[in-house]
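Novice: model the structure of this input:
(2 chains)
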Protein chains: 2
Amino acid sequence: MDVTPSAPIGPPAAVLVRLDPVGPVLVPPGSPLLRADDAGILRGDGIFERFLVIGGQPRHFEDHLVRMARSAQDVQLEVPGPDAWRAAVAAALGAWQGDEEWSMRLVCTRGPEDQGTPCAYVLGQELSGSVMRQRQAGVAVVTLARGMPSGLGQDAPWLLLGAKTLSYAVNMAAKRWAESRGADDAIFVGSDGVIWEGATSAVVVSQGGRLVSPPASVGILDSISVARLFTAAEAAGWDVSRQDLTVDDLFEADGVWLSSSIRFARVHTLDGKGLPDAPSHEELAALSAAS
Amino acid sequence: MDVTPSAPIGPPAAVLVRLDPVGPVLVPPGSPLLRADDAGILRGDGIFERFLVIGGQPRHFEDHLVRMARSAQDVQLEVPGPDAWRAAVAAALGAWQGDEEWSMRLVCTRGPEDQGTPCAYVLGQELSGSVMRQRQAGVAVVTLARGMPSGLGQDAPWLLLGAKTLSYAVNMAAKRWAESRGADDAIFVGSDGVIWEGATSAVVVSQGGRLVSPPASVGILDSISVARLFTAAEAAGWDVSRQDLTVDDLFEADGVWLSSSIRFARVHTLDGKGLPDAPSHEELAALSAAS
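Specialist: The predicted structure follows:
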C-alpha cells in the first residue's frame, strides 16, 4: 500500500491558554473548555480579537488589547486586565510548535448564565490555506445589503455596530452566500448606498495617490490593520483619508482591497466584473506587512 | 449564628445530554462540553430552540423540531435528525431532578472550524426568578430601533432575520439597555415604524375582540407560542390576525403582551407610560398556558 508523503501528519498545530485567576493555564487544545450553559455559546455573548504572530511576535497586540477593552465596554462585560492577557499570550507564544506565521485569538465570554464568571482564553491556530491563497491571488467579492443606513451606531448603541462580539452568524452567512455565487467574500453596503466593510475585513481603495477607507462612524469595526497601513502609507508619501465610499467608487478606483489583521487581499472581481490590475498592490501589500 | 432556611441548597438543578453518533450521552452539566475552537463560540455559528417542560412533558417539542430544521437550512448547517433529538430529550426528561416546570434548550453549533462536526446537545435548566416574576407582574418595555425596514429578509437571506441562531449579542444588549433605563425588556421597531419583536419574544396586542401579532415576513422569528395561542384563542371566539403594528397601535390597544415559549407577560409600561389594565389578561394567559 502506498504512503502519501504530502498528506498532513497529525492534527494541525494549535495552542490553548485559559486565563485563570491564578494565572495562565495551558490546556490541551482539542479538549472541551466551555460549559454548555456559557452565555458565549447560548447567546453569542462575548467578545474577541484576532491577530497574526510572525516569528514569535504578536502583531499590534497592544492595539488589540485597547480595542478589546472598547468592545468589553460596549457589551458591559468585565474582561481580564491587560496584564492577564499579556501573560496568557506569552504562555501561548512559548508553547507554539507550528509554523513561523500563525493566528492568535483573544476570546472572552460572559460565562455560565447564573454565575457571571467570564471564560477567557487565548487560542493559537495555523492559518488556513484560503488565507494564503487569497493574499496571493486576491479575491472575488459580491456586495450585499446590510439593511441599515450609515451612522446609526451613535444613536443605537444596542445594535453593537462597532463592537467585535462573538455574534458573527450574519458575517458567516454573508460569506457562505458569496461562496454560493462563486465569490470568496462579501462587502456590506448600507441602505444609503454607503460601503460598510467586508464580512471579516475592512475595505480600502486607492484613487491616484490617495488611499481611502470608510470611517468607523459608518457603523463598522475600527480596523487596526487599516490604521497601521495608513500610518505607513502616509510616511511613504500617500494621502490617506477616511470617507464614505459607494459601490461606484469601488468600480472607479485604481485598486480595491480587503484588509484585516490576518490578510491584505486585492479584490480582483466585484459583483462578477473584473477590476483594474491595481498597480500599487505590491507596494501596499508590503506596507501592510511591514506596518 | 442563624441559619437561613430559605437560601437555595446546592447548585441549581440542570441536566445535559450530548447527541453522540451512537446515541444520547448524559454529561455532568457543570463540566466543559465545547472546544475553544468551536465555530459556535468563535462565530456564534449555530442554532437553538428553547421551550418549557411541565410535569415531564416538553411543550410543543415537535413544533420546535420543525422550526429548528428551518433555522438549520437558513444557516446551511447539518443538524442531527428528529429521532436523535427525540432520544436526547427523552434522556434529559428521565434525568431531570428539579422543579415540575423547567426550561429545555436544543443547541447545535457548527463545531470546530477545521472539522465540520456539529456539537449538539440538550440543556435543561431551572427557570429564573425573573421569568416567574414577569409572568405575574408584567413588564416595563422600551421600544428600540432595529435599524432596518420591514420585509427585508426575503431579499437578503444572509441577514438571517427569521433564523434562531446563537448570535444573540444584539438581543442581549437591547435587554441590558432596557434595564439601564429601568425597564425589563425591549421591543424592536423597524426603520419604517413597524413593530418587529421583543428581544427574546413576540409581540401580541388585543384590540376589542381581536388579537394581532406581526407576521414573520416583517423579518422576525416565526413564533410558536403565538401560533399556538392564536389557535386556542380562535377556538375561544377571538378574531386573530397577523398584520403590521406601529408604536401608536401598542399605545391604543386594550392590552400588549410579550409571548415566548418561556413566558406570556403583560406589558404594563411602554416607553415610560402606563398601558391600560388589559382586562383579557387572565383569559389570554390561561389560553397561552393551555395551548
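
Novice: close to chain B, is the helix or strand of chain A with the lowest mean pLDDT?
Specialist: For chain A, the helix or strand with the lowest mean confidence is helix A:129-137, at a mean of 94 (criterion: mean pLDDT, DSSP states H and E). No. Counting by C-beta under 8 Å from any C-beta of the partner chain, chain B is not contacted by helix A:129-137; separation bottoms out at 10.5 Å. Just so you know, the C-beta spots here come from the backbone N, C-alpha and C atoms, and that holds for glycine as well.

Novice: and the next helix or strand after that helix, what other elements does it pack with?
Specialist: Next along the chain after helix A:129-137, taking DSSP states H and E as the criterion, comes strand A:139-145. Counting contacts by 3 or more C-beta pairs under 8 Å, 6 or more residues apart in numbering or on different chains; DSSP states H and E, strand A:139-145 packs against helix A:169-180, strand A:185-189, strand A:255-259, strand A:264-270.

Novice: centre of the chain to the least confident helix or strand of chain A, how far?
Specialist: Between the mean C-alpha location of helix A:129-137 and the chain-wide mean there is a distance of 15 Å, by C-alpha atoms, centre = their mean, to the nearest Å.

Novice: and if you look at stretch A:113-132?
Specialist: For stretch A:113-132, the distance between its averaged C-alpha position and the chain's averaged C-alpha position is 13 Å (C-alpha atoms, centre = their mean).

Novice: same question for stretch A:250-265.
Specialist: 14 Å.

Novice: do that stretch and chain B meet at all?
Specialist: No. Under the criterion of C-beta under 8 Å from any C-beta, stretch A:250-265 makes no contact with chain B; the nearest approach is 13.2 Å.

Novice: show me which positions of that stretch end up buried.
Specialist: By 16 or more other C-beta atoms under 10 Å in any protein chain shown, the buried positions in stretch A:250-265 come out as A:250, A:253-265.

Novice: kindly report the same for stretch A:166-185.
Specialist: Across stretch A:166-185, burial judged by 16+ other C-beta under 10 Å covers A:166-178, A:183-185.

Novice: grab the two from these that are most spread out in space.
Specialist: Farthest-apart pair in the buried residues of stretch A:166-185 is A:Leu166 and A:Ala183; separation 25.1 Å (C-beta to C-beta).

Novice: what parts of the stretch 51-200 of chain A come near chain B?
Specialist: Near chain B, the residues belonging to the stretch 51-200 of chain A are A:74-76, A:105, A:107, A:109, A:113-114, A:121, A:123, A:125, A:128, A:144-149, A:152, A:155-160, A:163, A:165-174, A:176-177, A:186, A:191 when assessed by C-beta under 8 Å from any C-beta.

Novice: buried subset of those, written for ChimeraX?
Specialist: The ChimeraX command for the buried members of these (criterion: 16+ other C-beta under 10 Å) is given here:
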select /A:74,75,105,107,109,121,123,125,144,145,146,147,148,149,152,156,157,158,159,160,163,165,166,167,168,169,170,171,172,173,174,176,177,186,191
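
Novice: quick revisit: which helices and strands does the least confident helix or strand of chain A pack with?
Specialist: On a contact count with 3+ C-beta pairs under 8 Å, 6+ apart, helix A:129-137 meets strand A:264-270.

Novice: for the helices and strands packed on strand A:139-145, which one sits closest to B:Val15?
Specialist: Ranking these by their distance to B:Val15 (criterion: C-beta to C-beta) puts helix A:169-180 first, at 26.5 Å.

Novice: next, count neighbours for A:Gly56.
Specialist: Other residues near A:Gly56 come to 9 when the count uses other C-beta atoms under 10 Å in any protein chain shown.

Novice: contacting residues around it?
Specialist: Applying C-beta atoms under 8 Å, 6 or more residues apart in numbering or on different chains, one finds that A:Gly56 lies in contact with A:Leu93.

Novice: any low-confidence regions in chain A?
Specialist: A:1-10 (pLDDT under 70).

Novice: let me see the ranges of the helices in chain A.
Specialist: Along chain A, counting by DSSP state H, helices occupy A:39-42, A:61-74, A:82-95, A:129-137, A:169-180, A:224-235, A:247-252, A:281-290.

Novice: before we move on, back to that, and for the least confident helix or strand of chain A, what's in contact with it?
Specialist: Contacting residues not belonging to helix A:129-137 are listed as A:Asp184, A:Asp185, A:Ile262, A:Arg263, A:Phe264, A:Ala265, A:His268, A:Ala285 [C-beta under 8 Å, 6+ apart].

Novice: ok, stretch A:222-233 next?
Specialist: Looking at stretch A:222-233 with C-beta under 8 Å, 6+ apart, the contacting residues turn out to be A:51, A:60, A:63-64, A:67, A:70, A:162, A:197, A:201-202, A:204, A:211, A:213, A:216, A:240, A:259-261, A:264, A:284, A:287-288, A:290-291.

Novice: just stretch A:284-291 next, same as before
Specialist: For stretch A:284-291, the surrounding residues in contact (C-beta under 8 Å, 6+ apart) are A:135, A:204, A:206, A:211, A:225, A:228-229, A:231-233, A:236, A:255, A:257, A:259, A:264, A:266.

Novice: ok, stretch A:204-215 next?
Specialist: Contacts of stretch A:204-215 (C-beta under 8 Å, 6+ apart): A:194-197, A:202-203, A:220, A:223, A:226, A:229-230, A:233, A:237-245, A:249-250, A:252-259, A:278, A:280, A:284.

Novice: filter these to the buried ones?
Specialist: The neighbour-count test (16+ other C-beta under 10 Å) applied to the contacts of stretch A:204-215 identifies A:194-197, A:202-203, A:220, A:223, A:226, A:229-230, A:233, A:238, A:240, A:244-245, A:249-250, A:253-259, A:278, A:280, A:284 as buried.

Novice: so who does A:Tyr139 touch?
Specialist: Tyr isn't right for residue A:139; it's Val. A:Ala183, A:Asp184, A:Asp185, A:Leu258, A:Ala265, A:Arg266, A:Val267, A:His268, A:Thr269.

Novice: with adjacent residues omitted, what lies nearest to it?
Specialist: A:Asp184 (4.1 Å; C-beta to C-beta, 6 or more residues apart in numbering or on different chains).

Novice: ok, now which ones touch A:Ile47?
Specialist: For A:Ile47, the set of contacting residues under the criterion of C-beta under 8 Å, 6+ apart consists of A:Met68, A:Ser71, A:Ala72, A:Val75, A:Leu77, A:Val79, A:Val107, A:Cys108, A:Ala163, A:Lys164, A:Thr165, A:Leu166.

Novice: grab the nearest non-local neighbour of it.
Specialist: Residue nearest to A:Ile47 in three dimensions, not counting chain neighbours: A:Ser71, with 4.1 Å by C-beta to C-beta, 6+ apart.

Novice: what's the answer for A:Leu144, then?
Specialist: A:Ala186 (4.7 Å).

Novice: from B:Trp158, how far off is that neighbour?
Specialist: 7 Å (C-beta to C-beta, to the nearest Å).

Novice: would you mind listing the residues touching both of those two?
Specialist: Overlap between the contact sets of A:Ala186 and B:Trp158, as judged by C-beta under 8 Å, 6+ apart, is given by A:Leu144, A:Ala174, A:Trp177.

Novice: and stretch A:36-43, end to end?
Specialist: Taking C-alpha to C-alpha, to the nearest Å, the span from the opening residue of stretch A:36-43 to its closing residue is 11 Å.

Novice: re the thing from before, quick check: of the buried residues of stretch A:250-265, which lies closest to chain B?
Specialist: Minimum distance to chain B across these is 13.2 Å, recorded for A:Ile262 (C-beta to the nearest C-beta).

Novice: contact partners for A:Ala69?
Specialist: Contacts for A:Ala69 (C-beta under 8 Å, 6+ apart) come out as A:Val79, A:Pro82.

Novice: what residues are bridge-paired with A:Leu26?
Specialist: A:Val17 (DSSP bridges).

Novice: need the contact list for it.
Specialist: Taking C-beta under 8 Å, 6+ apart, one finds A:Val15, A:Leu16, A:Val17, A:Ala91, A:Ala95 in contact with A:Leu26.

Novice: you'd agree the third one is up against A:Ala88?
Specialist: Yes. Contact status for A:Val17 versus A:Ala88: in contact at 4.6 Å, counting by C-beta atoms under 8 Å.
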